[in-house]
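Enquirer: build me a model from this:
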Amino acid sequence: MRTFYLVFGGVAVVGAAIVYYALRGGGGGAVLPVELGEMDQQELIELARPAGVYGDTAAPITIMEFGDYQCPACRHFGLFVKPQLADAYISTGIAKLEYYDFPLTVPHPHAFLVARAARCAGDQGLYFEYHDLVFKSQEDWSPLGSAAGHLRELADELEMDRGAFRECLRSDRHAEVVSANMRLGQELRVSGTPALFAYRGGPPLLKLGGASFLDLQMAIDSLAGLE
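Expert: Presented below is the predicted three-dimensional model:
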């Protein structure tokens, strides 16, 4: 595991100094990151709030997951590793999981829109319920030319307010915070997904070497003094 501190240098965008503006199509709103401009460390941290927190917010240990909804490895983590984490550490109040968006938009063209859709579900208090449905149906929507219709169907399955969800999806809502999550991940040297960090109370952050339950167990037991 590698140790990181929440101290960022000059906030820069990976690659060129330009982040793409929103494209629209298929009934969805922003599907690519938006321009954030220059901001200092505190401004970035305040903007880059997690999409959802799984567990007791007062739990002493925090697991940060940077994920991509179109990533098969993230699907495995969300559907198979997260339940183990929940049983062993989240249900017992030892740890909580914070989900941060890190859509890899070049190989995964739907990932940014899906990240926004999940936050639209979060607006209705159904973030992790939607998160799980998206991953369970990943093989259905991932190859589509447009994922917007499937995303609306998932919202209907959860009996959301249809008008509110569709309005959110058609807009650019949450595009800025998803883009900020991406920039935060870049500052923490995230290069692939899922990427996991753990800390107790505050920095330094431990970067986990993998995304298995054993990786999580080692990190959490170390931070909790259970080794």
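
Enquirer: now do the strands in this protein.
Expert: 2-4, 52-54, 61-67, 95-101, 195-200, 202-207 (DSSP state E).

Enquirer: could you dump these to JSON lines with mean pLDDT and distance to Ile45?
Expert: Every residue, glycine included, has its C-beta placed from N, CA and C. Putting the strands of the chain into JSON lines (pLDDT from 0 to 100; distance: least, C-beta to C-beta, whole Å) gives the following:
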{"stretch": "strand 2-4", "mean pLDDT": "49", "distance to Ile45": "14"}
{"stretch": "strand 52-54", "mean pLDDT": "97", "distance to Ile45": "15"}
{"stretch": "strand 61-67", "mean pLDDT": "98", "distance to Ile45": "12"}
{"stretch": "strand 95-101", "mean pLDDT": "98", "distance to Ile45": "12"}
{"stretch": "strand 195-200", "mean pLDDT": "98", "distance to Ile45": "13"}
{"stretch": "strand 202-207", "mean pLDDT": "90", "distance to Ile45": "11"}
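
Enquirer: out of those strands, the one nearest Arg173 is which?
Expert: strand 95-101 (13.5 Å; C-beta to C-beta).

Enquirer: could you give the angle of that closest one to strand 61-67?
Expert: Angle, strand 95-101 to strand 61-67, by axes from the mean of the first three to the mean of the last three C-alpha atoms, to 10 degrees: 20 degrees.

Enquirer: show me what strand 95-101 is packed against.
Expert: On a contact count with 3 or more C-beta pairs under 8 Å, 6 or more residues apart in numbering; DSSP states H and E, strand 95-101 meets strand 52-54, strand 61-67, helix 82-85, helix 175-187.

Enquirer: sorry, back to before: with mean neighbour count and distance to Ala115 as added columns, please give the strands of the chain in TSV.
Expert: Formatted as TSV, those follow (neighbours: other C-beta atoms under 10 Å; distance: least, C-beta to C-beta, whole Å):
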stretch	mean neighbour count	distance to Ala115
strand 2-4	13	23
strand 52-54	19	11
strand 61-67	24	9
strand 95-101	24	4
strand 195-200	21	15
strand 202-207	15	22
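
Enquirer: make a markdown table from those strands and add distance to Ala224 to it.
Expert: Output for these, formatted as a markdown table (distance: least, C-beta to C-beta, whole Å):
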| stretch | distance to Ala224 |
| --- | --- |
| strand 2-4 | 17 |
| strand 52-54 | 18 |
| strand 61-67 | 6 |
| strand 95-101 | 8 |
| strand 195-200 | 7 |
| strand 202-207 | 12 |
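
Enquirer: how much space between Cys71 and Ser212?
Expert: According to C-beta to C-beta, to the nearest Å, Cys71 and Ser212 sit 16 Å apart.

Enquirer: just want to know which of the two has more residues nearby.
Expert: For Cys71 versus Ser212, the count of surrounding residues by other C-beta atoms under 10 Å is larger for Cys71: 23 against 16.
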